[in-house]
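K.L.:
Quick one, structure for this:
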Amino acid sequence: MQLRPEQLAVHLEKPLAPLYLVHGDEPLLVFEATDAIRAAARKQGFAEREVLVAGSGFRWDDLFLAAGNLSLFGESKLIDLRIPSGKPGREGSEALQRYAKTLGPGMATLITLPELDWQAKKAAWVSALAAAGVALECNAPPPAQLPQWLAARLARQQQSAPRAALEFIASHVEGNLLAAHQEIQKLGLLYPPGELGLNKIEAAVMNVARYDISDLRTSLKARDTVRAVRTLEGLRAEDAAPPLVLWALATEARSLGLRAGLLHAARIDRIIKGLARGDLWDEFLQLVLKLTRGRMA
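P.N.:
Numbers count the residues shown, from 1 in each chain. The predicted structure follows:
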């Protein structure tokens with residue numbers, strides 16, 4: 001079953017599907033979708049969650065062990081499987097196809113992937129997972145559809161705006177969905193429910209975020225330390241979602257095959273989740289410096 005991101009909220013009002021496959025090129029939408037699925041699972045009594053990250057050296061038997069290790073108290077369980085590379089390999093492909101045939105009651109599975117190319121979308125393992133549950137592709141809307149996307153976001157907080165106002169926001173965020181999301185949230189804080197005129201939106205949308213996750217990834221790939229640090233500081237000032245920042249850093253560490261970088265990212269993940277102590281943004285800074293200067297010891 002295929003779903004669009006805007007259909008997910010209504011879908012999650014029903015009992016969970018046995019499996020969700022979430023992928024796409026827009027980290028914000030992927031993050032929101034997976035977070036919504038996890039929240040729905042908690043609401044529906046899935047009291048236990050087990051997170052598995054299928055990185056280098058991952059043992060696919062662990063996925064089946066997690067599925068078979070149900071709670072002694074009869075509680076439902078969510079298996080949260082993440083495949084950061086989007087390429088499980090031959091062993092993983094075969095395991096996922098077998099896994100899709102073993103789904104049973106008392107358990108749901110959330111599988112998160114990055115953007116899949118056209119070949120990956122046609123792979124047997126992707127087809128098997130999609131057929132066993134729900135597939136959700138979270139891609140950024142094309143520029144022409146961004147005003148409509150903004151209107152839908154405003155509607156969530158019981159606000160609306162004329163087309164000219166929506167186009168004004170779209171032109172200022174320049175395709176940056178995270179910045180657009182933050183502007184919509186700001187409008188919700190500044191104004192009560194109802195229609196917002198162009199004058200109000202122009203007054204509110206003054207210092208639109210100019211830093212986004214793609215900027216950070218670009219500076220990391222270029223090994224531009226100064227730009228990367230400046231972008232990180234901008235993201236911090238704009239209250240960027242830490243999981244999105246971590247996703248960008250971990251993705252770059254993974255593309256370089258840097259085990260030390262991934263271990264550092266894993267430590268940051270524990271800090272975000274409250275499982276470890278540390279200054280989150282200082283840890284981000286240290287990892288940025290390592291990635292751009294090549295010191296991964």
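
K.L.:
Can you classify Leu78 as helix, strand or coil?
P.N.:
With DSSP: H, G, I helix; E, B strand; the rest coil as the basis, Leu78 sits in strand.

K.L.:
again with Glu13
P.N.:
Under three-state DSSP, Glu13 comes out as coil.

K.L.:
With the one 4 residues further on instead?
P.N.:
Using three-state DSSP, the structure places Ala17 in coil.

K.L.:
count of residues packed around it?
P.N.:
Ala17: 18 surrounding residues under other C-beta atoms under 10 Å. The C-beta positions use only the backbone N, C-alpha and C, and glycine is treated the same way.

K.L.:
That one against Leu110, yeah?
P.N.:
No - between Ala17 and Leu110 there is no contact under C-beta atoms under 8 Å: 10.1 Å.

K.L.:
Any stretches of the protein with poor pLDDT?
P.N.:
For the chain, applying pLDDT under 70 flags the ranges 70-74, 206-211, 294-297.

K.L.:
so what does the biggest helix by length in the chain touch, helix or strand wise?
P.N.:
The helix that spans the most residues within the chain, counting by DSSP state H, is helix 27-43. Contacts defined by 3 or more C-beta pairs under 8 Å, 6 or more residues apart in numbering; DSSP states H and E place helix 27-43 against helix 8-11, strand 19-23, strand 77-82, strand 107-112, helix 177-190, helix 242-255.

K.L.:
The first one: how far from the chain's middle?
P.N.:
Using C-alpha atoms, centre = their mean, to the nearest Å, the mean C-alpha position of helix 8-11 is found 17 Å from that of the whole chain.

K.L.:
now do stretch 277-285
P.N.:
20 Å.

K.L.:
who touches it?
P.N.:
Val229, Leu232, Arg236, Pro242, Val245, Leu246, Leu249, His264, Arg267, Ile268, Ile271, Ile272 (C-beta atoms under 8 Å, 6 or more residues apart in numbering).

K.L.:
Distance across stretch 159-166, terminal residue to terminal residue?
P.N.:
12 Å (C-alpha to C-alpha, to the nearest Å).

K.L.:
Stretch 53-61 too?
P.N.:
13 Å.

K.L.:
go on, stretch 80-90?
P.N.:
Calculated as C-alpha to C-alpha, the first-to-last residue distance of stretch 80-90 is 21 Å.

K.L.:
So what touches it?
P.N.:
Stretch 80-90 is touched from outside by 23, 38, 49-55, 60, 63, 92, 95-96, 109-116, 120, 125, 250-251, 254, with contacts defined as C-beta under 8 Å, 6+ apart.

K.L.:
Apply 6 Å and report the result again.
P.N.:
Contact with stretch 80-90 is made by Arg49, Val51, Leu52, Val53, Ala54, Leu110, Ile111, Thr112, Leu113, Pro114, Leu116, Arg254, as judged by C-beta atoms under 6 Å, 6 or more residues apart in numbering.

K.L.:
List only buried entries from those.
P.N.:
Buried members of those, scored by 16 or more other C-beta atoms under 10 Å, are Leu52, Ala54, Leu110, Ile111, Thr112, Leu113, Pro114, Leu116, Arg254.

K.L.:
Can you tell me the SS state at the residue located most distally from the centre of the chain?
P.N.:
With distances taken from the mean C-alpha point of the chain and given as C-alpha atoms, centre = their mean, the most distant residue is Asn199, at 33.3 Å. Taking three-state DSSP as the rule, one finds Asn199 in the helix state.

K.L.:
residues near Asp215, how many?
P.N.:
Number of residues near Asp215 (other C-beta under 10 Å) recorded here: 19.

K.L.:
Ok, Thr34 next?
P.N.:
Thr34, neighbours per other C-beta under 10 Å, totals 20.

K.L.:
likewise Leu289?
P.N.:
Residue crowding around Leu289 was assessed by other C-beta under 10 Å; the count is 15.

K.L.:
coming back round to it: quick one: which two of the contacts of stretch 80-90 are the most distant?
P.N.:
Arg49 and Leu116 (24.2 Å; C-beta to C-beta).
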